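> With the input below, show me the fold.
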Amino acid sequence: MIYHLLLFHVHPFWLQLLYFVSISVVGFLILKSLPMTTSSLMDLDLIFTSVSATTVSSMVAVEMETFSNSQLLLLTLLMLLGGEVFTSMLGLHFTCIKQSKKQSSLELSPTTMDDDHPSTAQNQMEQGGLKSQLPYDRAALTRLLLLVVLGYHVVVHLAGYTLVLVYLSVVSGARAVLSGKGISMYTFSIFTVVSTFANCGFVPTNEGMISFRTFPGLLLLVMPHVLLGNTLFPVFLKLAIWALQRVTKRPELGELRRIRSPCDGDSVAYDHLLTFRHTWFLALTVAVFLLVQLVLFCAMEWGSQGLHGLTAGQKVVAALFMSVNSRHAGEMVVDLSTVSPAVVVLYVMMMYLPPYTAFLPLKESAKQKGSESDQKSRIIWQKLLMSPLACLAIFIVVICITERRQIADDPLNFSVLNIIVEVSSAYGNVGFSTGYSCGRQLRPDGSCRDAWVGFSGKWSREGKLVLMSIMFYGRLKKFSMHGGQAWKIA
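Reported below is the predicted structural model:
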């Protein structure tokens, strides 16, 4: 009864919020019960880490090497469950159940036409003729798409894990980095691949991928997973469906390729299965964004301290790695606090953009689903919502209030730019952070110790709680992208 109520009568926003909160709480409880390599941590830092992993935000409040091997494997599971591709598979599963139930109810409904109620008869004719209009059953198409996405998910992870493991086995220098830290290369491989594909950005080492900046081969193996699991997922999903159709000759796959609109009655409703034109404009937009970031980063940082000691080839790979990760993954090979402000501001803009931001010269039309009352309530709800930019501004103001004392006492670390970067990173579920440096303190504190944690790791309890709410808001931002329509700037 509860399952039926949640599935058919609760808005998807509340379902997903319940899903992420539940997994975060359970993850925190298990994380707390597992043994740690050092002394126990504060409960707030543990729940912060659990929320960060579940929402694939990778905001670091404690050093990653503090966690034991079992805790790292738990974080791997949390990132897997919170990844966009995995949660979209759950959505496809529930959609398939709804479609099957709707189809069964239509087959069991009476087909007798009532001459006194022509509108009712017309509706029955339309419902009864829907199946004949569609070449294939919609529930079957949804089930097929679910299998395709599941296969895509499994193949990418297995291939990535194998390639990273082989690289670590062959390249002794990279393997020595892990050996010196007491990290199993098997744990590192599965943790990094899952984290990168989910676009979380957690890495088992304290320094993150900075430890491997002199190993461009590893960076090039990890980098594609950022695109495969997020910004270019629709592109590679389309290619996977095309390849499967060529191999299997199944006409149902061709029906999936001929999608016209997610809201169209002749297609499967799946947010990541875009039209052909939209898919390739998305690929073009991602390529342009990467090129702009790469050019600016190389122009501003080529001779900087962050790339000191690297060869020209290693610098190019490092610059490309930073550019790929700035959208949503958040893995870094350069300390962000040493990067020029121009590049940091560009990264803030990239973190704000949704994953499927694309330049579309012509707007695609789509049929509205649902009854007139549903559309009216949806429009009212969208008008009441504030725009994401307005919400970000409010969150930044709140953080400035909670951290006002540290802003006054430690203005170099707690600068407004650093706060904007941290809030934008949490909203975009990226994980970029400028960190905290004891050397930037105007009033040196003898007890201060530099640690490989994010800037938010030094925030107050209230600030961390606000940032956790931002991570949840950012993970569910697709429900508020059309907010703020009631505001008119004259």
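> show me where the stretch 51-200 of the chain has helices.
69-82, 84-108, 118-133, 138-170, 172-181, 185-197 (DSSP state H, counting those that start in this stretch).
> So for the shortest one, what gets flagged as buried?
What it means is helix 172-181. Neighbour-count burial for helix 172-181 flags 174, 177-178 (criterion: 16 or more other Cβ atoms under 10 Å). To be clear about C-beta, it is placed using only N, CA and C from the backbone, and glycine gets the same treatment.
> Could you dump the residues you listed into CSV with distance to residue 448 and pLDDT added?
Below are the buried residues of helix 172-181 laid out as CSV (distance: Cβ to Cβ, whole Å; pLDDT from 0 to 100):
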residue, distance to residue 448, pLDDT
174, 32, 93
177, 27, 93
178, 29, 93
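> any idea which of the helices of the stretch 51-200 of the chain is most buried?
Highest mean neighbour count of the helices of the stretch 51-200 of the chain: helix 185-197, a mean of 23 (counted as mean count of other Cβ atoms under 10 Å).
> what does the average pLDDT come to for that helix?
Per-residue pLDDT over helix 185-197 has a mean of 95.
> Show me which of the buried residues of helix 172-181 is closest to residue 234.
Comparing these against residue 234 with Cβ to Cβ places residue 174 closest, at 32.4 Å.
> my guess is the closest one contacts residue 214, does it?
No - assessed by Cβ atoms under 8 Å, residue 174 is found out of contact with residue 214, at 9.0 Å.
> what residue ranges in the stretch 51-200 of the chain score low on pLDDT?
104-136 (pLDDT under 70).
> again, 50 this time
Applying pLDDT under 50 to the stretch 51-200 of the chain picks out residues 112-115, 117-133.
> is it true that residue 14 lies in a helix?
Yes - residue state for residue 14 (DSSP: H, G, I helix; E, B strand; the rest coil) corresponds to a helix.
> What separation is there between it and residue 476?
10 Å (Cβ to Cβ, to the nearest Å).
> out of the two, which sits in the more crowded spot?
Just comparing residue 14 and residue 476: by other Cβ atoms under 10 Å the higher neighbour count belongs to residue 476, 16 against 12.
> could you measure the more buried one against residue 220, distance?
33 Å.
> Name the residues of the host helix or strand of residue 343 that come out as buried.
In this assignment (DSSP states H and E), residue 343 forms part of helix 341-352. Using 16+ other Cβ under 10 Å as the test for burial, helix 341-352 gives 343-344, 346-348, 350-352.
> Stretch 385-392 now?
Buried, per 16+ other Cβ under 10 Å, within stretch 385-392: 385, 388, 391-392.
> Can you tell me the closest non-neighbouring residue to residue 464?
Distance criterion Cβ to Cβ, 6 or more residues apart in numbering; nearest residue to residue 464, sequence neighbours excluded, is residue 48 at 5.5 Å.
> you'd agree that neighbour is up against residue 61?
Yes - under the criterion of Cβ under 8 Å, residue 48 makes contact with residue 61 at 4.6 Å.
> quick one: residue 58 from residue 148, how far?
28 Å.
> again, but for residue 418
On the measure of Cβ to Cβ, residue 418 and residue 148 end up 43 Å apart.
> Next, the contact list for the residue nearest to residue 464, please.
Going by Cβ atoms under 8 Å, 6 or more residues apart in numbering, residue 48 touches 59, 61, 464, 467-468.
> what do you get for residue 234?
Residue 234 neighbours (Cβ under 8 Å, 6+ apart): 272-274, 278-279, 282, 356.
> So which of those belong to helices?
Among the contacts of residue 234, the members falling in helices are 278-279, 282 (criterion: DSSP state H).
> Counting neighbours, which of the residues you listed comes out on top?
Neighbour-wise, these (other Cβ under 10 Å) top out at residue 282, 23 neighbours.
> got a list of what it touches?
231-232, 234-235, 274, 356, 358.
> Who wins on neighbours among those residues?
residue 231 (26 neighbours).
> can you tell me how far it sits from residue 327?
6 Å.
> shared neighbours of these two, anything?
residue 355.
> okay, and for the stretch 201-350 of the chain, where does confidence drop off?
Under the criterion pLDDT under 50, the flagged ranges of the stretch 201-350 of the chain are 260-266.
> Show me where it has its helices.
216-228, 233-248, 251-257, 276-301, 312-325, 341-352.
> In CSV: these, plus distance to residue 30.
Below are the helices of the stretch 201-350 of the chain laid out as CSV (distance: least, Cβ to Cβ, whole Å):
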stretch, distance to residue 30
helix 216-228, 26
helix 233-248, 29
helix 251-257, 38
helix 276-301, 36
helix 312-325, 28
helix 341-352, 30
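> of all these, which lies closest to residue 152?
Closest among these, using Cβ to Cβ: helix 233-248, at 5.4 Å.
> Alpha carbons only: can I get the closest one in PDB?
Taking C-alpha atoms only, helix 233-248 is exported to PDB below (Å, rounded to 0.1, in the frame of the first residue of the first chain):
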ATOM      1  CA  PHE A 233      26.000  10.600 -21.500                       C
ATOM      2  CA  PRO A 234      23.100  11.400 -23.900                       C
ATOM      3  CA  VAL A 235      25.600  11.400 -26.800                       C
ATOM      4  CA  PHE A 236      27.200   8.000 -25.900                       C
ATOM      5  CA  LEU A 237      23.800   6.500 -25.100                       C
ATOM      6  CA  LYS A 238      22.600   7.400 -28.600                       C
ATOM      7  CA  LEU A 239      25.800   5.900 -30.000                       C
ATOM      8  CA  ALA A 240      25.300   2.700 -27.900                       C
ATOM      9  CA  ILE A 241      21.700   2.300 -29.200                       C
ATOM     10  CA  TRP A 242      22.900   2.800 -32.800                       C
ATOM     11  CA  ALA A 243      25.700   0.200 -32.400                       C
ATOM     12  CA  LEU A 244      23.300  -2.300 -30.800                       C
ATOM     13  CA  GLN A 245      20.800  -1.800 -33.600                       C
ATOM     14  CA  ARG A 246      23.500  -2.400 -36.200                       C
ATOM     15  CA  VAL A 247      24.600  -5.600 -34.500                       C
ATOM     16  CA  THR A 248      21.300  -7.100 -33.400                       C
END
